[in-house]
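J.: coords please:
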Amino acid sequence: MSDKIPTRDVTPSPVGQHEPGATVSQAMYAKREHIYVREIKGLFQRVRRVANWGLMLAFLLVPWIPWGERPAVWFDLPGREFHVFAATFYPQEFILLSWLLIICAFGLFFITVFAGRVWCGYTCPQSVWTFLFIWVEHRLEGSRHRRIKLDKRPMDADKLWRKSAKHAIWLAIAAATGITFVGYFTPIRDLVVELPTLQAHGWSYFWVGFFLVFTYLNAGWLREQVCIYMCPYARFQGVMFDADTLIVSYDAARGEPRGARKKSLSHAQAREAGHGDCIDCDLCVQVCPTGIDIRDGLQYECISCAACIDACDSVMDRMGYPRGLIRYTTEHALEGRSTRLLRPRLLGYLAALLVMVGLFAWTLGDRTPLDFEVERERGRLFQTTQDGRISNVYTLTVRNRDGEDHVYRLEADGLTDLALDTRRLEVPAGASRQAVVSIIAPPEALESPSHPITLRLTAERAPNIALERETRFLGQLRR
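T.: Reported below is the predicted structural model:
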């Protein structure tokens, strides 16, 4: 796998060599050259566009979906509640988020081992928004050669309105992105009213502005620089590839020697004349969003968007040659060896992924919309009542994680003749309540100074919502 450091050519001395002892300096990074991406149509670009538009519409529309009196997806940070449709999660369940992120990481590892950087080419937000900005550019400034000419000519009325309209639309898309992102944390129906009337919270303005600026910069100006220099995935992906990973590759054995030829020359005639299938049209370079030449071999800049495949296939169709000069394939296949798609490492990632997804789904399905904690009174181990019985005091913190108000029935078990001074606790939906509970037991029931007891909470209207906690009951043995 090629992992070249971009450099600039060093101009040689007049005699063709550097003077002995002379210091030669090279830039660590090449000066960026603007990439004019050519628009191309084809199977893979249709798949990519459907994926891009689907993901973008989902991102923009989900905050507007109502769910009762709240948004369907709402991360309520001040209330410490995270609503995802019918489910509500709390900070105490942060482990579920960690688990979900680990599942996503293993899913990315599995996809990378199987088919390289297809995540980057089809579903990465940077790629999705960049392709949208390029699509706007194509609509307003024209095809690739028109955009090159437009940038070279002096500013005039036509160039001014096209550039102004492009950047205005870019800023509008960036603003919609920022507002939508904040809309996942603040109800978006209120947000779009409060922002223009200057009634929104200061942090709302900050984060809308933050995402507006960086969406505009990353998708409009930096583009491939984010993928090449800023994204860590581009750097560590190489250790996950193997010779059986599906990657976008140029078939050099079939394409070389490349060169121009008459269109009237048939495939068989071109072969007899010593030509490879590549006509050196450079179309694969012109459509690449990162500006690489796939014919130079696998490069970390490649995001596997398959634009070069569609471009090359269109040329092969026009020439009457077989498709697939550039295609999704493996290093083993290019070498004429058999490819093993199902291999131990891939199956290992798949097995781990399926186990984690299954356990995560089981945990969500078995999740009780109730939580409570029991803490003994720290100031005194136990008390003796007037009638000689033993009393222990506990503080209960009850959290109702359900969407409905509940009255919970409290029961204690573990010792005979246990008595509680509090039997019912009322907790509104999504709220927490604390209650001080005194539990009393006769001294003859104690077999040791410390005895385990179980406290059980049960929702009166929903007996399936119940939870138990174990604690200790302390006392003094009768002598």
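J.: how's this structure carved up into domains?
T.: As given by automatic domain parsing, the domain ranges for the chain are 34-367, 370-474.
J.: In the chain, where's the longest helix?
T.: For the chain, the longest helix by residue count, based on DSSP state H, is helix 157-182.
J.: where do the helices sit along the stretch 51-200 of the chain?
T.: 94-115, 118-122, 125-141, 144-152, 157-182, 188-194 (DSSP state H, counting those that start in this stretch).
J.: Of all those helices, which one comes closest to residue 368?
T.: helix 94-115 (13.2 Å; C-beta to C-beta). (Glycine included, C-beta is placed from N, CA and C.)
J.: What residues sit buried inside that closest one?
T.: 96, 99, 103, 106-107, 109-115 (16 or more other C-beta atoms under 10 Å).
J.: Same question for stretch 376-396.
T.: Neighbour counts over stretch 376-396 (16+ other C-beta under 10 Å) mark 376, 382, 389-394, 396 as buried.
J.: With respect to residue 433, which of these is nearest?
T.: For these, the nearest to residue 433 is residue 396 (8.4 Å; C-beta to C-beta).
J.: Is that closest one in a helix, a strand, or coil?
T.: Judged by DSSP: H, G, I helix; E, B strand; the rest coil, the three-state class of residue 396 is strand.
J.: hang on, isn't it packed against residue 435?
T.: Yes - at 4.9 Å, residue 396 and residue 435 qualify as touching, with contact defined as C-beta atoms under 8 Å.
J.: circling back: export the helices of the stretch 51-200 of the chain as a markdown table, with columns for distance to residue 410 and mean pLDDT.
T.: What follows is those, written out as a markdown table (distance: least, C-beta to C-beta, whole Å; pLDDT from 0 to 100):
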| stretch | distance to residue 410 | mean pLDDT |
| --- | --- | --- |
| helix 94-115 | 27 | 92 |
| helix 118-122 | 50 | 94 |
| helix 125-141 | 48 | 96 |
| helix 144-152 | 72 | 96 |
| helix 157-182 | 41 | 97 |
| helix 188-194 | 39 | 96 |
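J.: quick one: which of those is nearest residue 214?
T.: helix 157-182 (8.3 Å).
J.: For the closest one, name the packing helices and strands.
T.: helix 43-61, helix 125-141, helix 188-194, helix 202-215 (3 or more C-beta pairs under 8 Å, 6 or more residues apart in numbering; DSSP states H and E).
J.: Just the buried positions in the third one, please.
T.: To tie it back to what came earlier, the one meant is helix 188-194. Quick answer for helix 188-194 (16+ other C-beta under 10 Å): 188, 191, 194.
J.: quick one: the first one and residue 243, what's the gap?
T.: Remark: distance between residue 188 and residue 243 (C-beta to C-beta, to the nearest Å) = 48 Å.
J.: Residue 268 sits in which helix or strand?
T.: Taking DSSP states H and E as the criterion, residue 268 maps to helix 267-272.
J.: Please read the previous query as pertaining to residue 455.
T.: strand 450-459.
J.: what lines up beside that strand in the sheet?
T.: In the sheet, strand 450-459 lines up against strand 406-413 (antiparallel), strand 466-474 (antiparallel) (DSSP bridges).
J.: Now the last one: buried residues?
T.: The reference is to strand 466-474. 467, 471, 473-474.
J.: same deal with stretch 334-344?
T.: Under 16+ other C-beta under 10 Å, the buried positions of stretch 334-344 are 334, 339.
J.: what sits up against it?
T.: 114, 242, 244, 246, 249, 251-253, 330, 332-333 (C-beta atoms under 8 Å, 6 or more residues apart in numbering).
J.: change it to 7 Å
T.: 244, 249, 251, 330, 332-333 (C-beta atoms under 7 Å, 6 or more residues apart in numbering).
J.: tell me which helix or strand of this protein sits lowest on mean pLDDT?
T.: helix 233-236 (a mean of 81; mean pLDDT, DSSP states H and E).
J.: buried stuff in that helix?
T.: 233-234.
J.: Which secondary structure elements does the helix or strand following that helix sit against?
T.: Sequence order places strand 247-250 as the next helix or strand after helix 233-236, per DSSP H and E. If you count contacts as 3 or more C-beta pairs under 7 Å, 6 or more residues apart in numbering; DSSP states H and E, strand 247-250 packs onto strand 326-329.
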